[in-house]
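Trainee: quick check, what structure comes out for this input:
(chains A and B)
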Amino acid sequence: MPYVRWSRYFLPTWKEEPAEADLPSHKLMLRAGLIRPLAAGIYTYLPFGWRALRKVEAIVREEMDTIGGAELHMPIVHPAELWARTGRLEDFGPQLVRFADRAGREMVLGPTHEEVVTDLARREIQSWRQLPLMLYQIQTKFRDEPRARGGLVRVREFTMKDGYSFHEDASDLDRYYPEVYRAYERIFRRCGLATVAVEADPGLMGGSGSHEFMLMSDQGEDTFVQCPGCGYAANREGAVAVKSSDPDEGLRPVEEVATPGCYTIEAVAGFLGVPTRKTAKAVFFRAGARVVFVVIRGDLEVNEAKLARLLGTAELAPASEEEIAAIGAVPGYASPIGISARGAMIVVDDSIPQARNLVAGANKEGFHLRNVNFPRDFQASLVGDIALARDGDPCVRCGAPLRVRRGIELGHIFKLGTKYSQALGATFLDRDGQARPLVMGCYGIGIGRLLAAVIEAHHDEEGIVWPASVAPFHVLVTALNPEGDQHLALATSIAARLAQHGLDVLLDDRKRSPGEKFHDAKLVGIPVLAAVGPRSLRRGQVELERRCDGVRDVVSADLAAIERAVGDLLRAASG
RNA sequence: CGGAGAGUAGCGCAGCUUGGUCAGCGCGCAUGGUUCGGGACCAUGAGGUCGGCGGUUCAAAUCCGCCCUCUCCGACCA
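Mentor: This is a model prediction of the structure:
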């Protein structure tokens, strides 16, 4: 492979920090010439960034191939009709970009490819003998995100590895799924990232399991719960925690008490001198046409994802003042007692049945009720866990206090089941000659986000510090004084030699001051720098510097010696 | 979609309150020269319909209205 000459390459660097960027990875990807924005959440990959992306892709390909994946490439433009058949033309909402072709046919830009791959499987897979099958692609997706942000962490147009497996039954999917899980762990580890696999909420997607792979980061766009005791980790939406309960006490009779001006739980609890956990909080939602009256212990928060799952609906929104008034509830003093008759649905968190003698609203401005008890005083349409797990709550498995953490979601794997194969009629004949829907799994990795995550995890004040595995180049050979002929000549032969031996080499042959070139070297973060300059060359030596720890070494200006030393440094840098 | 902030040269910014020598600074860029090991120096120069449209005014980067774009927070998120 030939080496690349910086003077003829396209690697524009910025000395100053761009005002528009906030995340370190975003700033550095702009400054070190990896990407340039075209529009919100839409980026051009410059040659340097594209090289890095290809390195990440190569790792992903290798690991996908290792678990039997076969790479293919599906279209970006899909007929809308296909999406209508699974119902996702509507479900995906405005994130799905739609347009008509010249003949007026409705088309969409693919935000993901379950429909297309399932349609392919429907046509091609007829027999159990063709199973199992893993197909994957690395391809551009478009989702019109309501809020693109953070550079490549959340974009609208992005490169994604999406894989789909097909099985004759759920148990074969159960057997294969852990293989993908382990492949994902290898992918992220090889990219130099320590990820946490988090149990995710299968939600309305159905299926029996799902994991998200998170990079722990305070800058993360996602939240999850982790137990330091037993390792339990779950997406915030699905995380369960123990709800501590108070010692049992006898039921006391309900009594009305004046609480003027107490519109919040804190105000009521403070006014009456009871802890918030001794109150019942009312929260209102609208699920489709119905108003949902949620009752939860005052110290807890409603987890809307859990509530939506319990209700079996995707349409859940906070109720308006009018909707709340329409069911006869008084905001600030709302009470579940006497509401059910008015047609609202009452959902009770499972913290409520355990609690005794709570303070709840009286449905009358300025009054609350003491000693409200479920189910003595009011009934529920549904009871279940709808509370948000909090930092410090006891783990359901081991009791240790849970921690809430932020992270960047790098990958998501999913046991899909038969949702898509059933909707699209993708069946095969099993061993008994029976037609059955294909059982599917799907597996995604955001490649660009993964690249951003690598930089998020590997940088310092001066620039990127690439792990050797995904570095765009292994070695940067700098001729410090190119006008002084012999430096450039030696640097060039070093670059040629290293390239000949399989390394990716960038030769900095630009006519710039040494200071500038050293700073650029730090910024672009190539693992090993070989500097050819008068100071060391006078002693017949070349200076080597390792980016990750700044360790410097001089070796004699002999090609074989340099090649050896560079190899040693690289090995140490990837360890 | 709600809240906040910002659009002036490739990048970072000042000017706007109080309309009129305000088209400016630093970096970068070009040319020539001097430099050459951790973002050098001198000289000369190019580069902007001040986000757009409309309005007020003798006069608008500056005041008013509408729109567009970008960033951050939230809602949202396979």
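
Trainee: quick one: residue A:129 from residue A:428, how far?
Mentor: 9 Å (CB to CB, to the nearest Å). C-beta coordinates here come from the backbone N, C-alpha and C atoms, glycine included.

Trainee: looking at those two, which has the bigger crowd around it?
Mentor: Counted by other CB atoms under 10 Å, residue A:129 and residue A:428 do not tie: residue A:428 has more neighbours, with 23 against 10.

Trainee: quick one, what contacts the closest residue to residue A:130 other than its chain neighbours?
Mentor: Distances taken as CB to CB, 6 or more residues apart in numbering put residue A:428 closest to residue A:130, at 7.2 Å, once the chain neighbours are dropped. By CB atoms under 8 Å, 6 or more residues apart in numbering, the contact set of residue A:428 is A:125, A:126, A:127, A:128, A:130, A:131, A:168, A:435, A:436, A:438.

Trainee: look up the closest residue to the last one, ignoring the ones flanking it.
Mentor: What that stands for is residue A:438. Closest to residue A:438 by CB to CB, 6+ apart is residue A:421, at 4.1 Å.

Trainee: who touches the strand or helix carrying that neighbour?
Mentor: Per DSSP states H and E, residue A:421 falls inside helix A:419-424. If you take CB under 8 Å, 6+ apart as the criterion, helix A:419-424 is touched by A:82, A:85-87, A:114-115, A:118-119, A:121-122, A:205-207, A:426-427, A:437-440.

Trainee: now, which of those lie within helices?
Mentor: Judged by DSSP state H, the contacts of helix A:419-424 include A:82, A:85, A:86, A:114, A:115, A:118, A:119, A:121, A:122 as members of helices.

Trainee: top of the residues you listed by neighbour count?
Mentor: residue A:118 (29 neighbours).

Trainee: right, and that residue touches residue A:437 too?
Mentor: No - at 9.8 Å, residue A:118 and residue A:437 do not qualify as touching, with contact defined as CB atoms under 8 Å.

Trainee: mind listing the shared neighbours of these two?
Mentor: Joint contacts of residue A:118 and residue A:437 (CB under 8 Å, 6+ apart) are A:421, A:426.

Trainee: quick test: name the residue nearest the centre of chain A.
Mentor: Nearest to the geometric centre of chain A sits residue A:409, at 1.8 Å (CA atoms, centre = their mean).

Trainee: tell me what the strand or helix carrying residue A:412 is packed against?
Mentor: For residue A:412, the host element (DSSP H and E) is strand A:403-417. If you count contacts as 3 or more CB pairs under 8 Å, 6 or more residues apart in numbering; DSSP states H and E, strand A:403-417 packs onto helix A:170-190, strand A:195-199, strand A:209-216, strand A:222-226, strand A:439-446, helix A:447-457.

Trainee: and the stretch 251-400 of chain A, which of its residues are near RNA strand B?
Mentor: residue A:304 (CB under 7 Å from any atom of the strand).

Trainee: for RNA strand B, give me its nearest residue in the stretch 251-400 of chain A.
Mentor: Using CB to the nearest atom of the strand, the point where the stretch 251-400 of chain A gets nearest to RNA strand B is residue A:304, with a distance of 5.3 Å.

Trainee: what's the closest non-adjacent residue to that residue?
Mentor: With CB to CB, 6+ apart, the residue lying closest to residue A:304 is residue A:316, at 5.8 Å.

Trainee: stretch A:541-553 near RNA strand B anywhere?
Mentor: Yes - Stretch A:541-553 is in contact with RNA strand B by CB under 7 Å from any atom of the strand, via A:543, A:545, A:552.

Trainee: between the residues you listed, which is closest to residue A:265?
Mentor: residue A:545 (59.4 Å; CB to CB).

Trainee: just list whatever residues bridge to the closest one.
Mentor: residue A:529, residue A:552 (DSSP bridges).

Trainee: tell me the contacts of it?
Mentor: A:528, A:529, A:531, A:551, A:552, A:553.

Trainee: and the stretch 401-550 of chain A, which residues reach RNA strand B?
Mentor: A:412, A:414, A:416, A:442, A:444, A:480-481, A:483, A:512-516, A:518-523, A:531-537, A:543, A:545.

Trainee: try it again with 6 Å
Mentor: A:412, A:414, A:416, A:442, A:444, A:480-481, A:483, A:513-516, A:518-523, A:531, A:533-537, A:543, A:545 (CB under 6 Å from any atom of the strand).

Trainee: filter those to the buried ones?
Mentor: A:412, A:414, A:416, A:442, A:444, A:480-481, A:518-523, A:531, A:533, A:536-537, A:543, A:545 (16 or more other CB atoms under 10 Å).

Trainee: buried residues in stretch A:80-89?
Mentor: Buried residues in stretch A:80-89 (16+ other CB under 10 Å): A:80, A:82, A:83, A:85, A:86, A:88, A:89.
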